[in-house]
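Enquirer: Quick one: sequence plus predicted model below, questions after.
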Amino acid sequence: MADKQQQLLVQEAYAYALTHGLLISTGLDFQMTHAPFTLYPTEIPRSCFSQAMALAPCFNKLVDGMARDLPFLQETLKGVCEADDFMARLMKITTEVYDGSQPTQPWMLGIHRSDYMIEAGTSRLLQVEINTISVAFTALSNAVNRLHAYLLSKSPDPQRADMVQISQSNVQVPMAMRDAVHTWRSSAGRPDGGEPRTGGVVAFVVQPNERNVADQRTLEQTLWSVHGIRSVRITLEEAARDTTLSMENYDLTLPDGSVVALAYYRCGYTPADYYTEDCWKGREKIERANCIKCPSLPYHLCTAKKVQERFSNEAVLQRYVTESELQILKGCMMPQHDLSSSAPAVLESIARAIRDPESHVMKPQREGGGTLVHGATMVQMLSNGLSDADKKEYILMEKIQSVQFENSILRNGAIGASGKTVPELGVFGVFLGKGEGAPQINAGVGHLLRTKMADTQDGGVCSGISALDSPLVRP
């Protein structure tokens with residue numbers, strides 16, 4: 001594309017982003033800028049896109065099954081908790097709350113995102129990971145999809161605009177929250193066996209200086225304008241200080257007298273979110289309350305890579321899914337290895353990672369960008385011999401050699417980078433159930449495509465590494 005044409009396209013895209021809420025905070029007061037996004041959508045094979053959407057109910061069911069098996073979580077994460085104080089604290093609260101000594105809320109709402117890459121040469125869809133807490137961009141994914149469709153509609157080939165897949169997660173996620181609130185109001189949602197009730201608010205549990213505020217506010221506004229459900233924003237520290245937990249019926253009451261029906265976490269996944277002891281008290285207080293959690297602590301623990309390493313174990317999967325579901329899941333799994341194991345397959349993978357650093361990556365238990373260990377650092381750690389703590393903290397995963405595409409990334413109103421890029425397709429899954437009987441909701445509800453430059457290793461949109469993108473799927 002000629003420079004002049006590209007400049008006009010950038011201006012058009014920038015204006016659309018600013019006028020349609022495709023925004024993130026700069027971190028300074030109320031100043032906003034557009035979220036990083038690609039100038040062009042990325043073509044995704046229809047077979048891969050359809051497969052990713054079809055996998056969502058299977059992964060939703062798997063996470064729910066693992067989360068409700070407390071002995072499994074305790075056994076799987078025992079070594080991690082010995083090496084990682086943060087994970088140990090999460091497990092301690094989980095065990096204390098779910099040990100049966102008090103009525104707990106059986107209903108759990110999961111809003112997950114399973115992320116995939118497409119393998120170069122084979123076009124196989126392979127899972128990178130699944131996120132079960134603070135899943136971002138359920139609203140902005142729709143905005144960036146509409147941006148790309150708009151730009152293509154004005155291009156010389158406007159028919160391609162119809163090939164851009166428009167995520168409906170901005171609609172479906174608030175609907176799931178609504179259903180969770182309605183369930184909480186019903187007698188089925190009362191752990192104390194009480195009568196149905198009215199009212200109840202959604203508490204968005206957030207970081208004090210949240211940058212991805214437009215994504216969250218869009219969900220809040222939809223909850224109110226479409227479903228008539230009020231929401232409030234509180235930090236973990238405020239949950240400890242400003243709420244009241246009844247020891248009779250476990251209502252969690254806000255200062256204005258309203259009761260929390262659903263606690264929706266957009267924080268809590270990193271030690272930095274627990275900057276005072278009150279933050280930990282707030283997390284435990286919410287977990288003990290009768291509100292439905294999104295996620296509950298057992299769901300949160302399923303984000304740990306040691307749990308997801310078990311995805312490669314068929315005997316483990318058979319506990320939680322049917323044989324047909326198992327076969328569907330197997331097709332997208334990448335080998336992951338427990339570094340504390342001396343099994344021949346693990347030792348060979350370690351040796352291969354040292355010989356060829358591009359073949360593997362080490363992943364820690366925690367969420368958040370900038371945590372992967374790769375390249376020379378990984379080789380040094382593996383060559384020198386891992387400490388017992390590191391063996392428990394990390395898993396070794398075969399690296400997906402992804403397809404690459406030419407694209408440009410816009411940051412701060414201008415092209416920040418151009419060249420070979422790597423896309424990562426995420427699918428939002430929603431699950432609402434109580435651990436017995438059929439779930440009330442189990443579905444894939446939308447998608448998120450993020451793209452980064454091919455020469456970068458980690459990810460993260462708010463960290464400035466990745467950019468929002470859209471899947472272009474041909475008929």
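Expert: Arrived safely, thanks for sending.

Enquirer: Residue 470 is in contact with residue 143, isn't it?
Expert: No: shown here, residue 470 and residue 143 do not form a contact pair, counting by C-beta atoms under 8 Å, at 10.1 Å. Using the backbone N, CA and C atoms, a C-beta is placed for each residue, glycine as well.

Enquirer: which one of these two has more residues nearby?
Expert: Ranked by neighbour count (other C-beta atoms under 10 Å), residue 470 and residue 143 place residue 470 first, with 31 against 24.

Enquirer: who are the neighbours in contact with the residue nearest to residue 414 when sequence neighbours are not counted?
Expert: Closest residue to residue 414 apart from its sequence neighbours, by C-beta to C-beta, 6 or more residues apart in numbering: residue 10 at 6.8 Å. Residues counted as contacts of residue 10 (C-beta atoms under 8 Å, 6 or more residues apart in numbering) are 39, 410, 413-415.

Enquirer: These: which two are farthest apart?
Expert: Greatest spacing in the contacts of residue 10, by C-beta to C-beta: 39 and 413 (12.2 Å).

Enquirer: Looking at these two, which one has more neighbours?
Expert: Neighbour comparison, residue 39 and residue 413: the larger count goes to residue 39, with 19 against 15 (by other C-beta under 10 Å).

Enquirer: contacting residues for the more buried one?
Expert: Listed by C-beta under 8 Å, 6+ apart, the contact set of residue 39 reads 6, 9-10, 13, 407-410, 415.

Enquirer: tell me the secondary structure for the residue nearest to residue 67 when sequence neighbours are not counted?
Expert: Residue nearest to residue 67 in three dimensions, not counting chain neighbours: residue 298, with 3.8 Å by C-beta to C-beta, 6+ apart. State at residue 298, reduced to three classes by DSSP: H, G, I helix; E, B strand; the rest coil: helix.

Enquirer: can you check the one 5 residues further on too?
Expert: Secondary structure of residue 303, reduced to three states by three-state DSSP: coil.

Enquirer: Quick check, it in contact with residue 135.
Expert: No: if you go by C-beta under 8 Å, residue 303 and residue 135 don't touch, sitting 10.0 Å apart.

Enquirer: so where's the stretch 201-350 of the chain uncertain?
Expert: Residue ranges of the stretch 201-350 of the chain with pLDDT under 70: none are present.

Enquirer: before we move on, the earlier item: higher neighbour count, residue 303 and residue 135?
Expert: residue 135 (25 against 22).

Enquirer: separation between the more buried one and residue 28?
Expert: Going from residue 135 to residue 28 by C-beta to C-beta, to the nearest Å gives 26 Å.

Enquirer: With residue 141 instead?
Expert: On the measure of C-beta to C-beta, residue 141 and residue 28 end up 25 Å apart.

Enquirer: the more surrounded of these two?
Expert: residue 141 (28 against 8).

Enquirer: Tell me which other helices or strands whatever helix or strand residue 110 lives in touches.
Expert: Using DSSP states H and E, residue 110 sits within strand 108-118. If you count contacts as 3 or more C-beta pairs under 8 Å, 6 or more residues apart in numbering; DSSP states H and E, strand 108-118 packs onto helix 46-67, strand 125-131, helix 169-185, strand 292-294, helix 297-301, strand 414-433.

Enquirer: got the phi/psi numbers for the residue nearest to residue 415 when sequence neighbours are not counted?
Expert: Spatial nearest neighbour of residue 415, chain neighbours left out: residue 408 (4.9 Å); criterion: C-beta to C-beta, 6+ apart. Phi and psi for residue 408, reported as degrees, to the nearest 10, are phi -130, psi 150.

Enquirer: just checking, residue 408 touches residue 451?
Expert: No: here residue 408 does not reach residue 451: they are 10.1 Å apart, not a contact under C-beta under 8 Å.

Enquirer: Compare those two and say which is more crowded by neighbours.
Expert: residue 451 (26 against 20).

Enquirer: Now do the contacts for the more buried one.
Expert: Contacts of residue 451 by C-beta under 8 Å, 6+ apart are 38, 42, 405, 407, 409, 421-424, 466-467, 469.

Enquirer: right, and residue 428 touches residue 132 too?
Expert: No: the criterion here is C-beta under 8 Å, and residue 428 misses it with residue 132 at 11.7 Å.

Enquirer: where exactly do the strands run in the stretch 151-300 of the chain?
Expert: Ranges of strands in the stretch 151-300 of the chain, per DSSP state E, counting those that start in this stretch, are 201-205, 231-234, 244-245, 252-253, 260-265, 292-294.

Enquirer: tell me how far the fourth one is from the chain's mean position?
Expert: Taking C-alpha atoms, centre = their mean, to the nearest Å, one finds the center of strand 252-253 at 27 Å from the center of the full chain.

Enquirer: tell me what it is packed against?
Expert: strand 244-245, strand 260-265.

Enquirer: Distance to residue 455 added to these, as CSV?
Expert: As requested, the helices and strands packed on strand 252-253 are exported to CSV (distance: least, C-beta to C-beta, whole Å):
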stretch, distance to residue 455
strand 244-245, 50
strand 260-265, 33
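
Enquirer: just so I know, which of those strands lies nearest residue 167?
Expert: strand 260-265 (18.6 Å).

Enquirer: what angle do the closest one and strand 201-205 make?
Expert: 20 degrees (axes from the mean of the first three to the mean of the last three C-alpha atoms, to 10 degrees).

Enquirer: From the rest of the structure, what touches strand 260-265?
Expert: With C-beta under 8 Å, 6+ apart as the test, strand 260-265 has contacts from 109, 111, 133-134, 177, 180-181, 184-185, 199-205, 243, 252-254, 286, 289, 291-295, 300.
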